[in-house]
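>>> this one's sequence-less:
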DNA sequence: CGCGAATTTGATCGACATCAAGTACCGTGG
DNA sequence: CCACGGTACTTGATGTCGATCAAATTCGCG
């Protein structure tokens, strides 16, 4: 039943802390005066926050990527979302995190205290609406993903995934995936072998170009979109 | 591929409109002065709102039940949630609905205008937080459901479903399901035959008591919870 | 009571999982 | 720069769970 190597979340690393600095990622709650933002880095596979932890911080990816997931008792894992540069994650309405979140590669994030954000929301309704909108966007993504997990075929899942990553991180027509086949499989509710086979097939029929397993060129977005249904 | 009869959403019925009245369901945004609440009824399988519609109203179930879902182009359907008495649904942060919502049985809802709610949220931060919290609760449910759809076995899905319905609508130890096997299947990402077989098996081994297909007694919640993993 | 819809049950099929090698890739150290 | 080792990925053979196809039954309701 265990379909992956089971890496227990590591303790939060202390290295990498550095003073807040400007960067090229989009602003994090710009226009909120007095919101203290700091930067923090995590090594590959480091745990950023665990299910059940008090939700003390909200995060924004500056560089790198993260995965958030839930586990079944036997280790089966469902990744609910990938967080890429610019994305905000770890935002909760309640007191604790519902998902475990780990860095996929070496990752730098900005963080703000949840309490500070609450205060800003109370002072300014537009901040409160911003928080609501971010959660609503996450909900919309989850709704789309439920349709994928419940009803799409393996080929459709992979096509949807590639189009999503193309939209979110393609540069010069090339998608440079930060995550491996195992993470993709746990995101799509498949096994890594099925993901690999499906990608190979799309490569074989010319829909994809590959330069290494993680450098993918979408040669036929039309066809991918048609598969997606 | 079509795994269900395909009923196109009916037009919103006009019958059933009645003056706002107190009822036994929990209060709908209690403590918001000047929020005009009215009541509205829908027949079995009537469409309450469709994907893409402007999100003009927010709803609360008074009596009955509703399903919200998305469709693939070939008619495969994924139900994201069931809405039972007391539940608020159709709440959007953006301008349009993302899911189609239909009455499962004859259903009465309370409605408030989305604009009125926005106004109340701007006047009172606690209302804004309440809206955020409701969306966050929906998100949590969706996260749980992604784990179910992506990684649980058929038996685990049915067990999870029965425990959810037990929690949400059991009266005197009996769960009276408003929805049929087809709706359950589209909620759990299975076929109706698989749902039926799994329920039959749980009945056979004494875990469930049945009085008609939709009157279910959970005789062994412990076992269901253990199956659920 | 009788009709149509919902549900159950049975037989078979197929998509994806599992088990099992083999191969490519990448970082490290010689 | 290349050899090495480990991890990630690919590919192949086989198995299985749930889907599909196809009848019975049963249920709910007029």
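Structure received. The structure presented is a predicted model; accordingly, all values stated were derived computationally and were not measured.
>>> okay, which residue is most central for chain A?
residue A:82 (1.6 Å; C-alpha atoms, centre = their mean).
>>> bridged to it, which residues?
Assessed by DSSP bridges, residue A:82 has beta-bridge partners residue A:67.
>>> quick one, what contacts it?
Contact analysis of residue A:82 by C-beta atoms under 8 Å, 6 or more residues apart in numbering or on different chains lists A:65, A:66, A:67, A:104, A:178, A:179, A:183, A:187. Heads up, the C-betas are built off the backbone N, CA and C, glycines and all.
>>> quick one: pLDDT of it?
Among the per-residue scores, residue A:82 shows a pLDDT of 98.
>>> out of the contacts of residue A:82, which sit inside strands?
Of the contacts of residue A:82, the ones assigned to strands by DSSP state E are A:66, A:67.
>>> can I get the contacts of residue A:82 in TSV including pLDDT, distance to residue B:45 and neighbour count?
Below are the contacts of residue A:82 laid out as TSV (pLDDT from 0 to 100; distance: C-beta to C-beta, whole Å; neighbours: other C-beta atoms under 10 Å in any protein chain shown):
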residue	pLDDT	distance to residue B:45	neighbour count
A:65	98	43	21
A:66	98	42	27
A:67	98	39	24
A:104	98	44	22
A:178	98	45	21
A:179	98	42	19
A:183	98	40	22
A:187	99	34	26
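>>> got the contacts of residue A:82 as TSV, with distance to DNA strand C columns?
Converted to TSV, these look like this (distance: C-beta to the nearest atom of the strand, whole Å):
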residue	distance to DNA strand C
A:65	15
A:66	19
A:67	18
A:104	14
A:178	12
A:179	14
A:183	14
A:187	12
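>>> looking at the contacts of residue A:82, which is nearest residue B:217?
Sorting these by how near they are to residue B:217, with C-beta to C-beta, puts residue A:187 at the top with 38.0 Å.
>>> give the contact list for the closest residue to that closest one other than its chain neighbours.
Counting by C-beta to C-beta, 6 or more residues apart in numbering or on different chains, residue A:187 lies nearest to residue A:79, which is 4.2 Å off, once chain neighbours are set aside. Residues near residue A:79 by C-beta under 8 Å, 6+ apart: A:67, A:68, A:69, A:183, A:186, A:187.
>>> point me to the helix or strand that includes residue A:79.
In the assignment (DSSP states H and E), residue A:79 maps to strand A:77-83.
>>> and the helix ranked longest in chain A, what does it pack onto?
Secondary structure of chain A per DSSP state H: the longest helix is helix A:125-151. Packing partners of helix A:125-151 (3 or more C-beta pairs under 8 Å, 6 or more residues apart in numbering or on different chains; DSSP states H and E): strand A:77-83, helix A:114-123, helix A:154-169, strand B:66-71, strand B:77-83, helix B:114-123, helix B:125-151.
>>> so residue A:72 touches residue B:151, yeah?
Yes: Residue A:72 lies in contact with residue B:151 (C-beta atoms under 8 Å); the separation is 5.8 Å.
>>> the two: who's more crowded?
When residue A:72 and residue B:151 are compared for neighbours, residue B:151 comes out ahead with 22 against 18, by other C-beta atoms under 10 Å in any protein chain shown.
>>> okay but that one is in contact with residue A:191, surely?
No: judged on C-beta under 8 Å, residue B:151 makes no contact with residue A:191 at a distance of 11.1 Å.
>>> which one of the contacts of residue A:79 is nearest residue B:163?
For the contacts of residue A:79, the closest approach to residue B:163 (C-beta to C-beta) belongs to residue A:69, at 22.0 Å.
>>> local confidence estimate at the closest one?
pLDDT, read off for residue A:69, is 98.
>>> one more: residue A:1?
At residue A:1, pLDDT is 37.
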